[in-house]
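> Attaching a predicted model along with its sequence, questions to come.
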Amino acid sequence: MPETQPLYLQENQPDGVPPLALTGERTLPDVPLENYWYRRHLVVYEWIRARVGGLDVVDMACGEGYGSAVLARTAKRVVGVDANPEAHEHARLRYTGPNVRFARDLVETFAEPADAVVFLQTIEHVRNPDEILEHFKAMTAASAAPAVFVTTPNLLTLAPEGAEKSENPWHVKEYRAHEFRALCEAHFAHVELYGLFHAGKLGIHQYAIENLGWDRIHKTLRFSKPFYDRFTPAISTADFAIRPADADDLDRALDFLAVCRP
């Protein structure tokens, strides 16, 4: 019989908040195994949080809701939108506040006006990216300072070398830097493209893998699991960096972040 994947649930949830299961479709806080991906996403929300102070923000495909709560620390209002009933119910119960709420809807049909739309690590999941970006542009059209923030993983660092897609079953299309820029520029007159990179201890870890044979060493000495059981939960947002980059640097980025304006 085929081996079944273990089910990882969020730990230590507040009373009355149902934990979500880690399926690979969305990242989750409070799952030690998932901490690398959670922090990799969280650092982008923190970066955007510093740029949406006093604005009305829509967080599309908000998933578990942690990112909407981060944005609400500075934004005037935040609406987290997700179609998944379990994720919506979890977010609604866990993240409460006077300036944050959650709507169960599709990204294609939720249409409340906003100053900023945030769409992180999701455009690779959709079959109609052009339609969606036009929809976001329309949502922000009446704003005095419109902005659409979009992130996606870099095909060149996510998928095996030479492959056109990773093994993630939830992804429809994964982008190279020039493809992602072209997609955004087809809908917005002004596009700033940034790369997300390893820093801190993740930068050291990456150097050790690429230059010192670290993967071979820990497998040979058979301490991979004890090491990563300690290393992964210790990763923080300080172990990632977001910076403008030229074309060559962007090819080495983990994720792309586009800030789009009409």
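Perfect, thanks for sending it. Since this is a predicted model, take the numbers as computed values, not measurements.

> and Gly54, what is it in contact with?
With contacts taken as CB atoms under 8 Å, 6 or more residues apart in numbering, Gly54 has the following neighbours: Thr74, Ala75, Lys76. For the C-beta atoms, the positions are set from N, CA and C on the backbone; glycine is no exception.

> Distance of Asp130 relative to Phe136?
Taken as CB to CB, to the nearest Å, the spacing of Asp130 relative to Phe136 amounts to 11 Å.

> Just among the contacts of Gly54, which is most surrounded?
Highest neighbour count within the contacts of Gly54, by other CB atoms under 10 Å: Ala75, with 27 neighbours.

> Read off the pLDDT value for that one.
Per-residue confidence (pLDDT) for Ala75: 98.

> ok, which stretches of the chain are strands?
Under the criterion DSSP state E, strands of the chain are mapped to 8-9, 21-22, 56-60, 77-82, 100-104, 116-119, 147-153, 190-198, 240-244, 255-261.

> So for Asn211, which of those sits nearest?
Closest to Asn211 of these, according to CB to CB: strand 190-198, at 13.6 Å.

> Name the surrounding residues that touch that closest one.
With CB under 8 Å, 6+ apart as the contact definition, strand 190-198 has outside contacts at 40, 43-44, 151, 154, 177, 180-181, 184-185, 203, 205-206, 239-245, 249-250, 252-262.

> Show the average pLDDT along it.
The average of the pLDDT scores along strand 190-198 is 97.

> Could you export it as PDB, CA atoms only?
What follows is strand 190-198 as a C-alpha-only set of coordinates in PDB (Å, rounded to 0.1, in the frame of the first residue of the first chain):
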ATOM      1  CA  HIS A 190       4.900  51.200 -13.100                       C
ATOM      2  CA  VAL A 191       6.400  48.000 -11.800                       C
ATOM      3  CA  GLU A 192       9.100  47.800  -9.200                       C
ATOM      4  CA  LEU A 193      10.600  44.300  -8.900                       C
ATOM      5  CA  TYR A 194      12.400  43.100  -5.800                       C
ATOM      6  CA  GLY A 195      14.000  39.800  -4.900                       C
ATOM      7  CA  LEU A 196      13.800  37.900  -1.600                       C
ATOM      8  CA  PHE A 197      17.100  36.200  -0.500                       C
ATOM      9  CA  HIS A 198      18.500  34.200   2.300                       C
END
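
> No more questions from me, cheers.
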